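Asks: Provide a 3D model corresponding to the input given below.
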Amino acid sequence: MPDPSHILNEDFNRSVDSGFVDVTVTTRLPAAAVATPSRLSPNERVKSVINILREGRMSILDFILRILDPSQPDFVYNRDWIYNSSKGEKQNSGDGQHVSGKLEQMFDHIFADSRGRARMLKWFRPHAVAYISCTVSNEMDAVKEALRGTLDSVTPQFLLTWNLSTTIQDKVALKAPILQHILRCASQTERAIERNKIKDSSTACNVIITQLASQRSHHSIFLTVPFTLFLWTNGASKQIIEALYKCGLCISFTSLLTLLEKLAVHCIEHAKQVARQSHMMCYDNINISTSIFVEQRSDAPAKVQSGTFAILYEVRNGNRDHMRLSPMLTRALDATPLTFNSDVRPTLNQMSSFHSQLRIHVIDILLATCSDFKNYERTDILQHSERRKMPKGYCTKQFPLRTSTIDESSITGNIAVIHDVYIRQLQMTHDELSDYAIPSFNDQSTNARIRGAKTLRVKDVNPFTRLQNIQLGFGLFHLCLNLVWALLHVHRGSIHQVSSLSYFFALMDRTRLGCEHPDYHTLLATLMQILRGIILNAWRNECGHPSLAAFASSEPTVDKLLQIADVILIKHATPAYESSSKKQMDSERPTDTAQHNLQLLTRDLLYVLELTSATSAGDWGRIEDILGNLAMMFRGAGSNNYCSEILHFLFNLKKIWTPEFADIMRDNALINLTGLEGHSMPVDLNIEHHIKFLKLFFSAKGIYSTWDRLGDISATIALLQSVKKQVGRALGIAYHGINHTTPDTSSSVWKVANKLNELELHVFSPDRKENDSLKPIVDVLTEGERKLKSSTLVTFNRKVREMLAGNGYEQEEDELPRATFDFVSADNTS
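Replies: Numbering: from 1, shown residues only. Prediction:
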């Protein structure tokens, strides 16, 4: 038998790429095997080798094992050729190509056979587990470093730019591809991976990896911090957060409180920078319940703690030079009295603009409510004309401050609030605050107290201590709220009086709106439904067709719609403004009290519709067009304080402020925090939303609650709401459910329209039987004009002169009860 070492040491034809030699020889082989090696095929060469191994009583595996045995030094050279890459492999790998060598090809052939695969997998299992475990451990070390951070590294800028894809997913996919692949296979079947195109497990896999990273190191917080803030802002309790902290999904509740403190410091520092530029400051009171017990001890804290919450805003179009205070103070010395004809009464241009807006409202009600017009093309002519609209896409920046324990329900309280905001929190000096005006839009009672403080401090040492730098504007949310309250009292009537609000409430099954404290939003929505029903029936009477369906089938032109809208406004809504002399002449004619009351209700509700529509559209110009008429309506309804508030604004707008600063006040009475079309809101409504958020998510009932914590929350409230939205979007959580739809109120609208058609209230009928039991409703516009001309303006001008001279400020007394809607406290309905 030939010695294997002798065979391998012969001068054979070598196969250099594999490290093996051609073991066919010419001297010792049988005659049948004697042939020139170059003439043998590969299969014949293999057979020759097998014959040699058979003669040597050695199997193929024994042969390979002897060569691969590291304890055999005779075959080191051969082992090197087996394990090292050949020249061809090195060249191909250098070109970026993945090339399998002959060793890898051998494994591929074994693995391709089911018998070989089974044995290889059985042998490789413990080795694979060890290898994968080591690989995953190394990957997690890399992930841990990529997600490493501390609470100090979590800044508002980081949270505002945080994204699940760029902040987490990209890092995880790059650092842990093996672990991610394992988790993806574990989370979905092969069939689901191939066919399910909706459900994606990548988010769950990435979250699991970051969860493991936080278990590996508590410094891996780039997911746990935003997710904890998301849960907390959505109402998660301390116990839930602590439970998820144990699972590696959240930071601890103690760390959450520490984070809020650090974020509050960052937010206040940013607010300090804004306060030294052109800015606007608004504030409102907040009442926090501190106890759930009915009985209180004599030495216990108050059951309800009152404080004040302030917000700064960047001023739109706020040129710093245009906000200098000294020119306004000079103009105040020479200010002339406010007059009705030139300052309060709308100009012809404003009246024309308002009428055109009402025409669009009347047409829009027809097109939106009547299904027969659903395909009618709304051309540019049927859109509201812009008067002073906020630029498209503009987003207002807000900077909430810490809530203080100061009660602003007094003059001295308001002085303390302003001092706390600018001196204690923003750390500004009197010199920084004395030369520039600061716009401030608040509810009427807050503005009245600030005016009282100005009168009290009229002889103080500098403009800041005299509060002259605070330039006031009214909050449109409270203005609209009080307008609705006033009209409710004017038109309430009883359920037996047709065309009264109580009659319509009963018709629409909204009897709760007749109670002492109705819900504001329900009331406003119901009033708009009543108005739409009235307008629809007016269309039915004036379209010249037996039905609105027939009218729609006639395909009326835009000019035709505008023409009929004019008729509806004149016949069924009364003109927007009429002189007292003309009203007196009309009073001598036969009257239809029911129809007259319906006309006044329609006219008054159109003002509410225009006010709310212009507000959401962000068009202050449309609101300014009707300010004079709104002042008359408030005065005619007995809401003297809001009439006075509008007069103060008009006086400043036309007598005190420079034209440039007046434009700044116009441009900043409305804000838009999202930049979306139709999402503008009054400044005072935004702060009410924040106060509601603070009350919901600050648990003041417990030994761990402090007012300082409320200050931390209030300073970060805008940031927290942004994080809440960002994390929700990143996780694919929709704001509305997939089944969310806007409620269809058309049935209520048509119920009103059909009842009006049944009673023929849009047809003049002096002999109507209901007229005997009806009293004429006060025309608040005419009555307000009369009172303004007779005494109100004279009294207002006298009070303004006394206030500027420091002789005191006397607040008006309302003639109707204070607005007490169900959803707000009495302190916030002024």
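Asks: show me where pLDDT drops low in the protein?
Replies: 1-38, 91-99, 197-198, 290-302, 575-590, 699-705, 734-741, 823-830 (pLDDT under 70).
Asks: residues in contact with the spatially most central residue of it?
Replies: Central residue of the chain (Cα atoms, centre = their mean): Thr674, 6.1 Å from the mean position. Neighbour list for Thr674: Cys395 [criterion: Cβ atoms under 8 Å, 6 or more residues apart in numbering]. In this view, the C-beta of every residue, glycine as well, is placed from N, C-alpha and C.
Asks: That one falls within a helix, correct?
Replies: No. Counting by DSSP: H, G, I helix; E, B strand; the rest coil, one finds Thr674 to be coil, located in no helix.
Asks: For it, give me the backbone phi and psi.
Replies: Main-chain torsions, Thr674, degrees, to the nearest 10: phi -110, psi -20.
Asks: same deal with the one 10 residues further on?
Replies: With angles defined as degrees, to the nearest 10, Asp684 shows backbone torsions of phi -70, psi -20.
Asks: And Ile311, by the same measure?
Replies: Per degrees, to the nearest 10, the backbone of Ile311 is at phi -140, psi 140.
Asks: and the gap between it and Leu329?
Replies: As judged by Cβ to Cβ, to the nearest Å, Ile311 and Leu329 stand 26 Å apart.
Asks: between these two, who's got more neighbours?
Replies: Remark: of Ile311 and Leu329, Ile311 carries more neighbours, 23 against 15, as counted by other Cβ atoms under 10 Å.
Asks: who's in contact with that one?
Replies: 281-283, 398-401, 686-687, 690.
Asks: for this structure, longest helix please?
Replies: The longest helix of the chain (DSSP state H) is helix 114-146.
Asks: Tell me the buried residues in it?
Replies: 136, 139-140, 143-144, 146 (16 or more other Cβ atoms under 10 Å).
Asks: what's the following helix or strand after that helix?
Replies: Using DSSP states H and E, the helix or strand that directly follows helix 114-146 along the chain is helix 156-161.
Asks: and the helix or strand just after that next one, which residues are buried?
Replies: Per DSSP H and E, the first helix or strand lying C-terminal to helix 156-161 is helix 170-175. For helix 170-175, a neighbour-count test (16+ other Cβ under 10 Å) marks 171-172, 175 as buried.
Asks: Likewise for stretch 229-236?
Replies: Within stretch 229-236, the residues that count as buried by 16+ other Cβ under 10 Å are 229-233, 236.
Asks: which one of those residues is nearest Cys643?
Replies: Checking the buried residues of stretch 229-236 against Cys643 by Cβ to Cβ gives Thr233 as the nearest, at 40.6 Å.
Asks: on that earlier part again, for Leu160, state which of the buried residues of helix 170-175 is nearest.
Replies: Nearest to Leu160, judged by Cβ to Cβ, of those is Lys171 at 18.8 Å.
Asks: my read: that closest one touches Leu147, true?
Replies: Yes. Counting by Cβ atoms under 8 Å, Lys171 touches Leu147, with 6.7 Å between them.
Asks: Starting from Val207, give me the distance back to Ile178.
Replies: According to Cβ to Cβ, Ile178 and Val207 sit 18 Å apart.
Asks: So these two - more neighbours on which side?
Replies: Val207 (20 against 13).
Asks: Quick check on the residue nearest to the more buried one when sequence neighbours are not counted: phi, psi?
Replies: Nearest residue to Val207, sequence neighbours excluded (Cβ to Cβ, 6 or more residues apart in numbering): Leu223, at 6.8 Å. Here is the backbone geometry of Leu223 (degrees, to the nearest 10): phi -110, psi -40.
Asks: Contacts only, for Leu223.
Replies: By Cβ under 8 Å, 6+ apart, the contact list for Leu223 reads 147, 167-168, 207, 210-211, 214.
Asks: on that earlier part again, specify which member of the buried residues of helix 170-175 is nearest to Asp431.
Replies: Lys171 (48.9 Å).
Asks: what residues are up against Cys643?
Replies: Contacts of Cys643 by Cβ under 8 Å, 6+ apart are 631-632, 634-635, 784, 788, 792, 812.
Asks: among these, which two are most distant?
Replies: Met632 and Glu812 (15.0 Å).
Asks: Ala715 and Gln427: what is the separation?
Replies: The gap separating Ala715 from Gln427 is 14 Å, by Cβ to Cβ.
Asks: who has more neighbours, these two?
Replies: Using other Cβ under 10 Å as the criterion, Ala715 and Gln427 rank with Ala715 on top: 27 against 11.
Asks: From the contacts of Cys643, list the buried ones, please.
Replies: Buried residues within the contacts of Cys643, defined by neighbour count using 16+ other Cβ under 10 Å: 631-632, 634-635, 784, 788, 792, 812.
Asks: out of those, who's nearest Ser114?
Replies: Nearest to Ser114, judged by Cβ to Cβ, of the buried ones among the contacts of Cys643 is Phe634 at 90.3 Å.
Asks: Now the closest one: closest residue in space that isn't a chain neighbour?
Replies: Cys643 is the one closest to Phe634 (Cβ to Cβ, 6+ apart), at 4.0 Å.
Asks: which residues of this protein fall in strands?
Replies: 14-15, 20-21, 279-289, 304-314, 398-400, 438-442, 470-474, 670-671, 681-682 (DSSP state E).
Asks: I'd like the ones you listed written out as a markdown table, with distance to Gln357 added.
Replies: Listed next are those as a markdown table, based on distance: least, Cβ to Cβ, whole Å:
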| stretch | distance to Gln357 |
| --- | --- |
| strand 14-15 | 93 |
| strand 20-21 | 94 |
| strand 279-289 | 27 |
| strand 304-314 | 27 |
| strand 398-400 | 29 |
| strand 438-442 | 23 |
| strand 470-474 | 21 |
| strand 670-671 | 16 |
| strand 681-682 | 19 |
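Asks: ok, back up a step: return the member of the buried residues of stretch 229-236 nearest to Asp80.
Replies: Phe230 (58.7 Å).
Asks: neighbours of the closest residue to Ser385 other than its chain neighbours, just the number please.
Replies: Once flanking residues are discounted, Ser385 sits nearest to Ser356: 6.0 Å by Cβ to Cβ, 6+ apart. With neighbours defined by other Cβ under 10 Å, the count for Ser356 comes to 14.
Asks: The nearest residue to His596 once chain neighbours are set aside - how many residues pack around it?
Replies: Closest residue in space to His596, ignoring its immediate chain neighbours: Pro776 at 6.3 Å, by Cβ to Cβ, 6+ apart. Residues within reach of Pro776, counting by other Cβ under 10 Å, total 12.
Asks: and if you look at Pro518?
Replies: Neighbours of Pro518 using other Cβ under 10 Å come to 22.
Asks: residues in contact with it?
Replies: 488, 512, 821-822.
Asks: Let's see that with 6 Å instead.
Replies: Not one residue lies near Pro518 by Cβ atoms under 6 Å, 6 or more residues apart in numbering.
Asks: between the contacts of Cys643, which is closest to Ile423?
Replies: The nearest member of the contacts of Cys643 to Ile423, counting by Cβ to Cβ, is Glu812 at 31.8 Å.
Asks: Phi first, then psi, for that closest one.
Replies: Dihedral pair for Glu812: phi -70, psi 160, per degrees, to the nearest 10.
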